[in-house]
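Undergrad: whatever this is, show me its structure:
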Amino acid sequence: IEVASHNLAAALRETGRPERAASLQHHSMQEGLECTGEMDPADLSARAMDAIAQEDYVLARDLLERSLQMEESRQSQSGIAADCANLGVLASLQGDSSRAIRFLGRAWHAHLRAGDGRGAGMDMMNLVEIFSSVNRWRLSARCCRRAIACFEKARASRSLASAKSRLAEIERVV
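TA: Have a look, this model is predicted:
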């Protein structure tokens, strides 16, 4: 039941039903606590996404930091990458560019260690937006080129097309 609730909550988030997703995610977390006595990092991260959707950034940060600690103790590069990427995006939403850059850089390295080229490319694209927002166009272009290389290697054609389009925009500004 825990896994099914978690997966359904993720699907509901993707289809724009965050209230229902949050309810199911809460149910999933309760099931996990009853079965194992602890929360799973995936549940913590998913609940953090619900908190972000509700603009409860303090709760989201707390949940993501707890999940990150658990992923680090398990030495799960993919878990570390996901949590660092989410913490970077959260910091960006809160206007803390330097914290966002640190977490997204850390996520990029973890995604590369995990062999997740698409995830690494997404980290770079998030950095593109942060650097663009502070008019650091050359750094933005460099991150975009790195994202393109990651997407090419991962054969992520839709993401690749988007990154190439964004690079063309940035090069016009430069």
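Undergrad: which of the residues in stretch 113-132 are buried?
TA: For stretch 113-132, the neighbour count (16 or more other C-beta atoms under 10 Å) marks 114, 116-132 as buried. (C-beta placed from N, C-alpha, C; glycine too.)
Undergrad: ok, now which ones touch residue 68?
TA: By C-beta atoms under 8 Å, 6 or more residues apart in numbering, the contact set of residue 68 is 79-80, 83-84, 87.
Undergrad: show the subsequent helix or strand relative to the host helix or strand of it.
TA: For residue 68, the host element (DSSP states H and E) is helix 57-74. Next helix or strand after helix 57-74 toward the C-terminus (DSSP H and E): helix 77-93.
Undergrad: from the contact counts, what lies against that following helix?
TA: Judged by 3 or more C-beta pairs under 8 Å, 6 or more residues apart in numbering; DSSP states H and E, helix 77-93 is in contact with helix 41-53, helix 57-74, helix 97-113, helix 117-133.
Undergrad: could you rerun that using 6 Å?
TA: helix 57-74, helix 97-113, helix 117-133 (3 or more C-beta pairs under 6 Å, 6 or more residues apart in numbering; DSSP states H and E).
Undergrad: off-centre distance for that helix?
TA: With C-alpha atoms, centre = their mean, to the nearest Å as the basis, helix 77-93 stands 5 Å off its chain's centre.
Undergrad: quick one: residues in contact with it.
TA: 41, 60, 64, 67-68, 71, 99-100, 103-104, 106-107, 110-111, 113-114, 119, 123, 130 (C-beta atoms under 6 Å, 6 or more residues apart in numbering).
Undergrad: show me the shaky parts of this structure.
TA: Scanning the chain for pLDDT under 70 picks out 1-14, 18-38.
Undergrad: again, only this time at 50
TA: Residue ranges of the chain with pLDDT under 50: 1, 6.
Undergrad: quick one on the thing from earlier: columns distance to residue 161 on top of the helices and strands packed on helix 77-93, output as CSV?
TA: Compiled in CSV, the helices and strands packed on helix 77-93 are given as follows (distance: least, C-beta to C-beta, whole Å):
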stretch, distance to residue 161
helix 57-74, 30
helix 97-113, 20
helix 117-133, 12
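Undergrad: give the buried residues for stretch 57-65.
TA: 60-61, 63-64.
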